[in-house]
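model this:
(one chain, ligands or ions: 1)
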Amino acid sequence: MTRSVVRGIGSALPRRIMKNAEFEKLVDTTDEWIVQRTGIRQRHIASEDETTASLGEAAARAALDSAGLTPADIDMIILATSTPNNTFPATAVEIQERLGMSGGFAFDMQAVCSGFVYAITTADLYIRGGQAKRMLVIGSETFSRILDWNDRTTCVLFGDGAGAVVLEAEDGEAALEQRGVIASSLRSDGSQRDKLYVDGGPSTTCTVGHLRMQGREVFKHAVGMITDVIEDVFDKAGITAEDIDWFVPHQANRRIIDASAKKLGIAEEKVVVTVDLHGNTSAASVPLALSVAVERGQIKKGDLVLLEAMGGGFTWGAVLVRW
Ligand code: ACO
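Have a look, this model is predicted:
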């Protein structure tokens, strides 16, 4: 039997930081409204020379450094993104080339904000199925490029960035006391896709389009969806909220994070929060938050870490990892 162990983690952020106050000059909003409704204080915005591929590459290199590995050690890349450099080929293959990898294989995964949770679940199956030994699982986004900068209900919420982990196959069954991915649960519901979508695409409008969201509707569904998959993961692993060392939720809105933790009975001091620093970075949000938590000295080897995300589709999911 094989299990998937986290061997390294890294992240990358665009140089430019945009504070809430800057939006006061663009749309009818205030720093106070944004902080109170979302918990966001700033976000990073990609400059022209910074792309999903360049940020993903930088995060991947940082993860490889922390693992003490080189690109030659990697046999597979999954990139979770909804903002690829091009419609095709997959941005993952561009990252493969940028890293100087001549072997292995790479592909993109699209589940919007749940992308990283979907990608780590998929990666774990490839490892357990014997298809890969060491892989990069990356979440990288440049949502600033698909925002309608005149729409105050969406443009204040998102940011750009990337995070990556190196997963490695180790002998032994996935078990609660062992390091590695222990359990996961994924869901989607396409009947809700008009709540959060992009109004363009190659096969419909031949354009890239802009993000559209019925924020209140997303908010209404969020806590229920999140707790549904987390309870499934708890059941699969035979644990309760008290057993968790760290909760790393998707960083979309502080109020959703707090309400989910409260409903699940997860203590406040176990919740990793970075939404204030990065805004919602979609598929990059969970690996970025993980990376910050490791840097802060919060998450340590052997800790039981619960990841969760929800986003457009709707898609949602949770993963339990012994770090
Ligand atoms: N500044 C000032 N006022 C604003 C702004 C703004 N930036 N945006 C909206 N408002 C106004 C609205 O127009 C509305 O005014 P009205 O009452 O006159 O109509 C009022 O504020 C309240 O609007 P609501 O939408 O009810 O505000 P709410 O408290 O729901 O907060 C928010 C909005 C922050 C978008 C919230 O609904 C939310 O976080 N939703 C979930 C988003 C999310 O989690 N997304 C995750 C997935 S993301 C992905 O998959 C890509």
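
I figured Ala318 was touching Arg187, is that so?
No: the criterion here is C-beta atoms under 8 Å, and Ala318 misses it with Arg187 at 9.4 Å. Glycine gets a C-beta too; all of them are placed from N, C-alpha and C.

Quickly list what's touching both of these two.
Taking C-beta atoms under 8 Å, 6 or more residues apart in numbering as the contact rule, Ala318 and Arg187 both touch Val229.

Please say which of these two ends up with more neighbours.
Between Ala318 and Arg187, counting by other C-beta atoms under 10 Å, Ala318 is the more crowded of the two (29 against 16).

Confirm the more buried one sits in a strand?
Yes: checked against DSSP: H, G, I helix; E, B strand; the rest coil, Ala318 lies within a strand.

so how far is Arg37 from it?
25 Å (C-beta to C-beta, to the nearest Å).

Touching the longest helix along the chain from outside, list them.
As assigned by DSSP state H, the longest helix anywhere in the chain is helix 215-237. Defining contact as C-beta under 8 Å, 6+ apart, one finds that helix 215-237 is touched by 153-154, 157, 176, 182-187, 192, 195-196, 240-241, 249, 252-253, 255-256, 259-260, 263-264, 306, 308, 310, 314, 316-320.

and the residue nearest to Gly265 when sequence neighbours are not counted, what does it touch?
Take Gly265 and drop its neighbours on the chain: the residue closest to it by C-beta to C-beta, 6 or more residues apart in numbering is Ala241, 4.3 Å away. Applying C-beta under 8 Å, 6+ apart to Ala241 gives the contacts 234, 264-266.

Let me know the closest of those residues to the ligand.
Using C-beta to the nearest ligand atom, Leu264 is the member of these that lies nearest the ligand, at 16.8 Å.

give me phi/psi at the closest residue to Leu147 other than its chain neighbours?
Counting by C-beta to C-beta, 6+ apart, Cys155 is the residue found nearest to Leu147 once chain neighbours are left out, at 4.8 Å. Main-chain torsions, Cys155, degrees, to the nearest 10: phi -70, psi -20.

pretty sure Cys155 is touching Ile146, no?
No: with contact defined as C-beta under 8 Å, Cys155 does not reach Ile146; the gap is 10.5 Å.

Would you map the helices across the chain?
Under DSSP H, the chain gives helices at 31-38, 52-67, 91-98, 115-128, 152-155, 215-237, 254-264, 275-278, 285-295.

who wins for proximity to the ligand among the ones you listed?
helix 215-237 (2.8 Å).

Just the CA atoms of that closest one, as PDB, please.
Listed next in PDB are the C-alpha coordinates belonging to helix 215-237 (Å, rounded to 0.1, in the frame of the first residue of the first chain):
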ATOM      1  CA  GLY A 215     -22.800  37.100  -3.600                       C
ATOM      2  CA  ARG A 216     -25.700  36.800  -1.200                       C
ATOM      3  CA  GLU A 217     -26.800  33.500  -2.800                       C
ATOM      4  CA  VAL A 218     -23.200  32.100  -2.600                       C
ATOM      5  CA  PHE A 219     -23.000  33.200   1.000                       C
ATOM      6  CA  LYS A 220     -26.400  31.500   1.800                       C
ATOM      7  CA  HIS A 221     -25.200  28.100   0.500                       C
ATOM      8  CA  ALA A 222     -21.600  28.300   1.700                       C
ATOM      9  CA  VAL A 223     -21.700  27.200   5.300                       C
ATOM     10  CA  GLY A 224     -24.000  24.300   4.700                       C
ATOM     11  CA  MET A 225     -21.900  23.000   1.800                       C
ATOM     12  CA  ILE A 226     -18.700  23.300   3.700                       C
ATOM     13  CA  THR A 227     -20.000  21.500   6.800                       C
ATOM     14  CA  ASP A 228     -21.500  18.800   4.700                       C
ATOM     15  CA  VAL A 229     -18.200  17.600   3.200                       C
ATOM     16  CA  ILE A 230     -16.200  18.200   6.400                       C
ATOM     17  CA  GLU A 231     -18.600  16.000   8.300                       C
ATOM     18  CA  ASP A 232     -18.200  13.300   5.600                       C
ATOM     19  CA  VAL A 233     -14.400  13.500   6.000                       C
ATOM     20  CA  PHE A 234     -14.800  13.300   9.800                       C
ATOM     21  CA  ASP A 235     -16.900  10.100   9.400                       C
ATOM     22  CA  LYS A 236     -14.500   8.500   7.000                       C
ATOM     23  CA  ALA A 237     -11.500   9.200   9.300                       C
END
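
buried sites along that helix?
215, 218-219, 221-223, 225-227, 229-234, 237 (16 or more other C-beta atoms under 10 Å).

which non-adjacent residue is nearest Ile299?
Here the residue nearest Ile299, using C-beta to C-beta, 6+ apart, is Ala293, at 4.5 Å.
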